[in-house]
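Peer 1: got a sequence here, can you model it:
(chains A and B)
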Amino acid sequence: MRESKDFLRTIVEEDLKLGKYNEIVTRFPPEPNGFPHIGHAKSIAINFGIARDYNGHCNLRMDDTNPTTEDTKYVEALKDAVQWLGFEWGDDVYFTSDYFPKIYDYAVELIKMGKAYVDSLDEEEIREYRGTVTEAGKRSKYAQRSVEENLDLFQRMKNGEFKNGEHVLRAKIDMSAANMKMRDPLLYRIRHAHHFRTGDGWCIYPMYDYAHCLSDYIEGVTHSICTLEFENNRDIYNWVLDELGLKLPRPYQHEFARLGINYTVMSKRKLLELVDGGQVSGWDDPRLPTIAGYRRRGYTPESILNFCDQIGIAKANSMVDVSQLEFCIRDDLNTKVPRVLCVLDPLKVTIENYEGHEEIDAPYYPHDVPKEGSRKMPFSKEIYIERDDFMENPPKDYFRLTPEQPVRLRHGYIISYKEVVKDANGNILEIKVKYHPESKSGSDTSDIKVKSAIQWVSAQEAKPIEVRLYDRLFSCEAPEGIQDINPNSLQVIKNAFVEPAVITEKPDERFQFERHGYFYADPVDSTDEKPVFNKIVGLKDSWTKKTKTTESAPKLQAKKIQIEGEETSMSKTQKTRFDKYTDELGLNSEIANILARDEQLSSFYEEALSLLNSPVSIANIVVNEVARELKEQQLDQLKFSAKQITQLVKMVNDETISSNIAKQVFEEMAKSGENPTQIVETKGLVQISDPSKILPIIDEVIAKNPDNVLKFKAGNTKLLGFFVGQVLKVTDGKANPTVVNELVADKLATC
RNA sequence: UGGGGAUUCGCCAAGCGGUAAGGCAGUGGCUUUUGGUGCCACCAUUCACAGGUUCGAAUCCUGUAUCCCCAUCCA
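Peer 2: This next block holds a predicted model:
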């Protein structure tokens, strides 16, 4: 677990501490109507991860309440994904459809309680009656039906006596609710359709909002974690479980922000569009952000899990940079896979002074990867090197082979340029070089300095392979659709050459082709006769990056200017109040403004003012502290009175307590309704202003933090606050902060 | 437009009244037979903006701005 907890784990720990649950139960509840993508991986990591961290368990549940879109092939894909990521769901996969009978019984309960009714409006009418976000809806006349009639109708809906859409079951909540979801939400609809699991056993199907909370409850789920777009649905979730009066404990819903990654799409709809439109080769196309796609491309489960861990969990909509994912796979593979040599764009090289043949022994892993293993690399007169590892007229930072600059063949000899062979158009066909016999890797006595080592393969023994180079599927960060597709997202190289050990020894299924990147033998198309490798991700490349970025002009971003909106104008009575507060009572305009505009606040204020003539202090505490309590509850629900506030203010005014302590006391008052003087007395909160009592504490704090004293002396004046804070902490906030401030400043200056 | 969320570095993200964590990206340097890796350093006097409260505010109060979600018999 990371050192700082995410907000979900914080909630879980809190609930555990409170003894709300004995065991944590989560669930991963996909609808089996599409292939899982990396967003699902995030959800899987959260739900299974929390269960693991708190010794609970996580159910895999298919949310199969819509028979027209769901299919068993998707449940297989979902199971695969969970399994591949390394999680276990116990003995069974659960299905919402398994609970259909129970869910039906609960609906009957609701009808009996008069909390649900059969509505017979048609689809369009229901929409109209629902109203809009600004206008209240109106209730259907069918909501009047008696319990008996509802029961009868619902029974007959179940029996299949009606056509699709003829009736629905609705919760009776509130057609004018500000939350649209609460305007008598649908619970059941008629669907004469074949369900992939229940077959034709049912012709009514529960809606998500009704089935989901009950499924969670039935399974004993404690924390029902979903994405942000379900925030509005939380009210129904709670309504159903509360109204049914179910035996506790019951689950609660918590929402987090779904994952977005730039240069790709994550919605089922857009993904389906790409697959159906033939833009990609299928759900497992390596360019897709589907689990199947990443898997086929060569990503490891560890890298994906690690990514999910790194990006964190929060409630702000966000778009993660792909480079973060790319880092995770490189980081994982770096310590795992063998290094081999592969030439993607071959240039023939003849070594004029070399005759014969030899086998060079080369380790699979670099010095910094603690793994054993090596292979033999055939070496002979004719080899291939990468075309761009030779330049006739190189730029000055070019480290590879040039007419003037020798280069090392990785694990082999150093070669020097002799001549170049070109065709009629000036294209380089071949280069001729000489090698330095005494420069062999490991026993080099040549004393020749080279700037780099390049990959090569022996022309005779190299194995031809197909290599598929993938780039981002879209050319813009937030693609809308197929118009944003990157036309060069797939480049197929039919005639790359790899050293023979890759094919004959097969030391692994993933490799680093040195200086290129990480590659994976395509699990579908690759065969021994015709090997195919997918590029998983390139190596970080500070050379081509440097060359490129000098070309592209840096973009200047203008700082956003905030347009100030206007505050609504005051009414006449508010204005007179405002004038009185500023002119007569001497309040500053901000405080006066807030007070004048708020009926409850101002009446509370004036009541207090009539008991104690301290207009400014009272106003400050009313506006800053009382206002907070008033956000949660009404005036008459407050635990404390205006009189108590004046007692508090009095103690601050006569310096019995500091304003710091006053806040603590206020919080206590708001919670318990106890008298402020009482609180101060029983807790012994009287302010300490006597320097002789404070000084020793300051000395102690200074002695404990020599580093910070040094930093302070070096000019970090912000640290004054740190020292004051420490002293306040030691005295439980009782030290007079003004005095402490002065004393600390003095002390720090002289010590 | 009513309601519900959100806003801390280019991208994620800690932080909950007392020194602005961390990762990715970026920039320099060292190491290196991968222009890889590793290591070191740099990278927010400021937390959407404007006020207020406080000895002290990213954190509390007020207002404003911007973005996301909700009017499927989808989930």
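
Peer 1: which residues touch the helix-or-strand element of chain A with minimal mean pLDDT?
Peer 2: When each helix and strand of chain A is scored by mean pLDDT, DSSP states H and E, helix A:542-549 comes last, with a mean of 77. Helix A:542-549 is contacted by residues A:395, A:397 when judged by CB atoms under 8 Å, 6 or more residues apart in numbering. In this view, the C-beta of every residue, glycine as well, is placed from N, C-alpha and C.

Peer 1: apply 7 Å and report the result again.
Peer 2: Helix A:542-549 has contacts (CB atoms under 7 Å, 6 or more residues apart in numbering) with no other residue.

Peer 1: same deal with stretch A:446-463?
Peer 2: Here stretch A:446-463 makes contact (CB under 7 Å, 6+ apart) with A:341-343, A:348, A:378-380, A:382-386, A:389, A:399-400, A:405-410, A:414, A:436, A:438-439, A:497-500, A:502-503, A:514-515.

Peer 1: from those, which land in strands?
Peer 2: Judged by DSSP state E, the contacts of stretch A:446-463 include A:342-343, A:348, A:378-380, A:382-386, A:407-409, A:414, A:497-498 as members of strands.

Peer 1: mind giving me the domain split of chain A?
Peer 2: A:112-209, A:339-458, A:545-683, A:691-750 (automatic domain parsing).

Peer 1: now those domains as TSV including mean neighbour count and distance to RNA strand B?
Peer 2: Output for these, formatted as TSV (neighbours: other CB atoms under 10 Å; distance: least, CB to the nearest atom of the strand, whole Å):
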stretch	mean neighbour count	distance to RNA strand B
domain A:112-209	16	3
domain A:339-458	16	2
domain A:545-683	15	2
domain A:691-750	15	2
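
Peer 1: interface residues of the stretch 1-150 of chain A facing RNA strand B?
Peer 2: Within the stretch 1-150 of chain A, the residues that sit near RNA strand B (CB under 7 Å from any atom of the strand) are A:3-7, A:10, A:31, A:63, A:65-66, A:69, A:121-123, A:126-127, A:130, A:132-134.

Peer 1: if we can go back for a sec, now the next helix-or-strand element following the least confident helix or strand of chain A, how far from the chain's geometric center?
Peer 2: Following helix A:542-549 in sequence order, the next helix or strand is helix A:572-579 (DSSP states H and E). On the basis of CA atoms, centre = their mean, to the nearest Å, helix A:572-579 sits 48 Å off its chain's mean C-alpha point.

Peer 1: who are the packing partners of helix A:572-579?
Peer 2: Packing partners of helix A:572-579 (3 or more CB pairs under 7 Å, 6 or more residues apart in numbering; DSSP states H and E): helix A:589-597.

Peer 1: now the angle from the helix it packs on to helix A:572-579?
Peer 2: Inter-element angle recorded for helix A:589-597 and helix A:572-579: 150 degrees (by axes from the mean of the first three to the mean of the last three CA atoms, to 10 degrees).

Peer 1: which other helices and strands contact helix A:589-597?
Peer 2: Against helix A:589-597 (3+ CB pairs under 7 Å, 6+ apart) you get helix A:572-579, helix A:599-611, helix A:615-621.

Peer 1: what is the orientation angle of the second one with helix A:572-579?
Peer 2: Put simply, helix A:599-611 runs at 40 degrees to helix A:572-579, going by the same axes, to 10 degrees.

Peer 1: so what's A:Asp397 scoring on pLDDT?
Peer 2: pLDDT recorded at A:Asp397 is 92.

Peer 1: tell me the SS of it?
Peer 2: Taken by DSSP: H, G, I helix; E, B strand; the rest coil, the conformation at A:Asp397 corresponds to coil.

Peer 1: just so I have it, where are all the strands in the stretch 101-250 of chain A?
Peer 2: Secondary structure of the stretch 101-250 of chain A (DSSP state E, counting those that start in this stretch): strands at A:116-119, A:168-171, A:186-190, A:204-206, A:223-227.

Peer 1: for these, give me CSV that also has distance to A:Ser475.
Peer 2: Formatted as CSV, the strands of the stretch 101-250 of chain A follow (distance: least, CB to CB, whole Å):
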stretch, distance to A:Ser475
strand A:116-119, 49
strand A:168-171, 45
strand A:186-190, 42
strand A:204-206, 42
strand A:223-227, 27
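
Peer 1: can I get those in TSV with mean pLDDT and distance to A:Ser610?
Peer 2: Converted to TSV, these look like this (pLDDT from 0 to 100; distance: least, CB to CB, whole Å):
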stretch	mean pLDDT	distance to A:Ser610
strand A:116-119	98	52
strand A:168-171	98	49
strand A:186-190	98	54
strand A:204-206	98	59
strand A:223-227	98	50
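
Peer 1: how about the residues of the stretch 201-350 of chain A by RNA strand B?
Peer 2: Close to RNA strand B, as judged by CB under 7 Å from any atom of the strand, the stretch 201-350 of chain A has residues A:205, A:207-209, A:212, A:228-233, A:257, A:310-321, A:323-324, A:326-327, A:330-331, A:334, A:339.

Peer 1: where does the prediction get shaky in chain A?
Peer 2: Scanning chain A for pLDDT under 70 picks out A:1-2, A:548-561.

Peer 1: pull out the buried positions in the longest helix seen in it.
Peer 2: Across chain A, the longest stretch assigned as helix under DSSP state H is helix A:38-53. Neighbour counts over helix A:38-53 (16 or more other CB atoms under 10 Å) mark A:38-52 as buried.

Peer 1: measure A:Ser692 to A:Ala521 for me?
Peer 2: 79 Å (CB to CB, to the nearest Å).

Peer 1: oh, I was asking about A:Lys102
Peer 2: 48 Å.

Peer 1: which of the two has more neighbours?
Peer 2: Neighbours were counted for A:Lys102 and for A:Ala521 using other CB atoms under 10 Å; A:Ala521 has more, 20 against 13.

Peer 1: ok, and the closest non-adjacent residue to the more buried one?
Peer 2: Spatially, and ignoring its direct neighbours in sequence, A:Ala521 is nearest to A:Glu509 (5.3 Å; CB to CB, 6 or more residues apart in numbering).

Peer 1: again, but for A:Cys476
Peer 2: Nearest residue to A:Cys476 in three dimensions, chain neighbours excluded: A:Asp484, at 5.0 Å (CB to CB, 6+ apart).

Peer 1: what sits against the one you found?
Peer 2: When contacts are counted by CB under 7 Å, 6+ apart, A:Asp484 touches A:474-476.

Peer 1: same check, this time on A:Pro394
Peer 2: A:Thr402.

Peer 1: ok, back up a step: which strands and helices sit next to the longest helix of chain A?
Peer 2: For helix A:38-53, the packing partners by 3+ CB pairs under 7 Å, 6+ apart come out as helix A:7-17, strand A:25-28, strand A:57-62, helix A:291-297, helix A:301-311.

Peer 1: quick one: list the elements packing against the fourth one.
Peer 2: When you say that, I think you mean helix A:291-297. Contacts defined by 3+ CB pairs under 7 Å, 6+ apart place helix A:291-297 against helix A:38-53, helix A:72-84.

Peer 1: so how far is the longest one from its chain's centroid?
Peer 2: Relative to its chain's centre, helix A:38-53 lies at 11 Å (CA atoms, centre = their mean).
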